[in-house]
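**Student:** Fold the following, please.
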Amino acid sequence: MNAIRRTALVIGASRTLGLGLAAELLRRDWDVIGTVRGTRRTGLHELAETSGGRLTVESLEMTDPEQLTALRDRLAGRTLDLLFVNAAITRGDLPIGEVPTEMFTEVMVTNALSPMRALETLSPLVAPTGTLGVMSSDQGSVSLNTGGGQDLYRASKSALNQLMRCYAARNAEDTRTLLLMDPGWVRTELGGPEAELSVEESVPGVAETIEGHAGRPGLHFVDHGGRVVPW
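**Tutor:** This is a model prediction of the structure:
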């Protein structure tokens, strides 16, 4: 008898870590639904063409609540084993006093508010034994911040972490796994060219940690090696 294949929805899967995670999950025999912004062709579309129908692409602007609701409606009837929100932005390394209000709002909405809206809106699709995850960062750890810098990005990830704590407390009886994932310092647009890890080095650990925490209810702040990240 064939094992039932697991299904993942990866929000923000057009490139780098999101695309890498979609590809890694396919290699691990998952079915994957990945989202991209707009209708422009991306690496996810190319991956879908070679997936034998196991990867489907959905269009989503995560910051638009109506699009989140529409995606949930389109996926009604499907059961997810994993909902993972990857999308995030940075707008440079400015001291907080020099950050324009519009920039502060944009980063906070994209990195903290919108991932939680996505999780709240789409969580009814996730199985009782499934996993709800968001891509965080050790830069969101207050206790690890001894060097400063990246004020706004750090603040947005700390806000995301706090909002996940609020979600976990509000849903304390939920049997699903909640993950805040630190992928490590990765060479992406966010991480920069001097980062320690390539996407190919980070993503297998991210997927392994996701799979390793399946069936473990409660909130876990962990890195790509499965290690606990301090708050």
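**Student:** what's the neighbour count on Arg41?
**Tutor:** A count of nearby residues for Arg41, using other Cβ atoms under 10 Å, gives 10. C-beta: built from backbone N, CA, C; applies to glycine.
**Student:** In terms of pLDDT, where does it sit?
**Tutor:** Looking at Arg41, its pLDDT is 93.
**Student:** now do Pro193
**Tutor:** With respect to pLDDT, Pro193 scores 78.
**Student:** Could you check which helix or strand contains it?
**Tutor:** Following DSSP states H and E, one finds Pro193 outside all helices and strands.
**Student:** Same question for Ala76.
**Tutor:** Short version: Ala76 belongs to no helix or strand, going by DSSP H and E.
**Student:** just checking, next helix/strand downstream of the longest helix that the chain contains?
**Tutor:** If you go by DSSP state H, the chain has its longest helix at helix 151-170. Of the helices and strands lying after helix 151-170 in sequence (DSSP H and E), the nearest is strand 177-182.
**Student:** Compute the inter-axis angle for that next one and helix 151-170.
**Tutor:** Angle, strand 177-182 to helix 151-170, by axes from the mean of the first three to the mean of the last three Cα atoms, to 10 degrees: 170 degrees.
**Student:** ok, now how distant is the residue nearest to Glu61 when sequence neighbours are not counted from Thr121?
**Tutor:** The shortest distance from Glu61 to any non-neighbouring residue, by Cβ to Cβ, 6 or more residues apart in numbering, is to Gln67 (5.1 Å). Distance from Gln67 to Thr121, counting by Cβ to Cβ, to the nearest Å: 10 Å.
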